[in-house]
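Colleague: Sequence and predicted structure below; questions after.
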Amino acid sequence: MKFGVRLPQDGPFSSTRAILKVAKEAEGLGFEHVWVNDHIIWGEPEKYHLGSGTKEAVDHVGKDQRLTKFDSITTLAYVAAACPTIRVGVACIVLPMRPPLALTKAAVALSELSEGRFILGVCAGNIPEEAAVHGYRYEERGRIMEEALQILHEVFRTGEVNNFHGEYYHFEHADVYPKPSRPIPIWYGARLPKDEAIPSTSNASLRRTARYCDTLFPGLLSTPDAFRRSQPLLENYCQKYGRKPSDIGRAVETFACFTRTDEEALNMAAATMAERGIDPKDSWVFLGSPRAVAQKLEVYRSVQVEDFEFKFVVPTVEEMLTQMRRFAAEILPSFS
């Protein structure tokens, strides 16, 4: 299993110093990757939707600080230059709001400059106001994403997509340099089904993952049971597109709070989880003692989930560093 950390790129801890401090600590402790989020417009309604911190920490700082969100690709370039071995990823680019050729240019540049350490996570987005600001219809985001994924997939695998004629993107003679010297992994920020009935959104996510992507990378409610329910459909899509199911990695983006006791973690995260409408005891949330966290990881290992991105629910950056060290010392050795 491999583990990663969401950097304090946004919200109450966001600063160049904190980003670099956490990234270097993660690299030194043996974490596999570090992550940032991607949104351009970020207002008050989203202030608690952050990658590290607590509701209390958000409420303690001023508006400018709590609404800070450093650009994803730029931040990862900064981190990759300062940390020469750890992988860097974005979870996830809201693909419909990014012109695909411009995104491929930035992604290939970051991959080459980091010597292949960049992971591109993509998603359709779930904020209607963001779609309005960027000039596309929210209900069309899936179809827009489909075309953008075709373009990215071709460039990242072959280095070529000179001509494209779709419903949303049209171009000819569009040579993009440099060409990638190695494939750039695409992780799909999917939604998995919450129950036995698989909704069309989950169906589309699994289909796009099988056709264009390297890893299934869901966030909210990504329980072990949801992975089990999704597997038959994912296998069917892999067969349709001539891929082996084993070619598709499985990863989870989740909340984390690694304390000495379960009670301590629940107390630390209670207000934040209540604000987000999340049950802190749910099987996909990693809050608790090392023993409790290890037990949850074992369940995910049984459904072939091999990568985790942890978003720390902590009151300070120093507490985040403490919990990263606890994970590295008491949990990581059993799963590496």
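Modeller: Right, received. Where do you want to start?
Colleague: and F312, backbone torsions?
Modeller: Main-chain dihedrals, F312, degrees, to the nearest 10: phi -80, psi 130.
Colleague: Give me the pLDDT for it.
Modeller: For F312, the pLDDT comes out at 98.
Colleague: Who does it form a beta bridge with?
Modeller: Per DSSP bridges, the residues bridged to F312 are A256.
Colleague: contacting residues for it?
Modeller: Counting by Cβ atoms under 8 Å, 6 or more residues apart in numbering, F312 touches 5-6, 52-53, 255-257, 320, 323-324. All C-beta atoms are positioned from the backbone trio N, CA, C, and that covers glycine.
Colleague: 7 Å - rerun?
Modeller: Listed by Cβ atoms under 7 Å, 6 or more residues apart in numbering, the contact set of F312 reads 52, 256-257, 320, 323.
Colleague: Just put the residues you listed in JSON lines and tack on distance to P180.
Modeller: As requested, the contacts of F312 are exported to JSON lines (distance: Cβ to Cβ, whole Å):
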{"residue": "S52", "distance to P180": "31"}
{"residue": "A256", "distance to P180": "32"}
{"residue": "C257", "distance to P180": "38"}
{"residue": "M320", "distance to P180": "33"}
{"residue": "Q323", "distance to P180": "36"}
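Colleague: between the residues you listed, which is nearest A107?
Modeller: Of all those, A107 sits closest to S52, with 24.2 Å by Cβ to Cβ.
Colleague: Need the three-state assignment for that closest one.
Modeller: coil (DSSP: H, G, I helix; E, B strand; the rest coil).
Colleague: Do you know the pLDDT at it?
Modeller: Confidence score, pLDDT, at S52: 96.
Colleague: And it, how close does it get to P315?
Modeller: Taking Cβ to Cβ, to the nearest Å as the measure, S52 falls 10 Å from P315.
Colleague: quick one on the thing from earlier: and which of the contacts of F312 is nearest P84?
Modeller: M320 (22.2 Å).
Colleague: Packing partners of whichever strand or helix holds the closest one?
Modeller: Per DSSP states H and E: M320 is located in helix 317-330. Helices and strands touching helix 317-330, by 3 or more Cβ pairs under 7 Å, 6 or more residues apart in numbering; DSSP states H and E, are helix 16-29, strand 249-258.
Colleague: returning to that earlier point: give me the ChimeraX select line for the contacts of F312, limited to the buried ones.
Modeller: Buried members of the contacts of F312 can be picked out in ChimeraX with the line below, counting by 16 or more other Cβ atoms under 10 Å:
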select :52,256,257,320,323
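Colleague: Of the contacts of F312, just say which sits nearest to R191.
Modeller: A256 (20.4 Å).
Colleague: hang on, the closest one packs against F310?
Modeller: Yes - taking contacts as Cβ atoms under 7 Å, A256 lies within contact range of F310: 3.7 Å.
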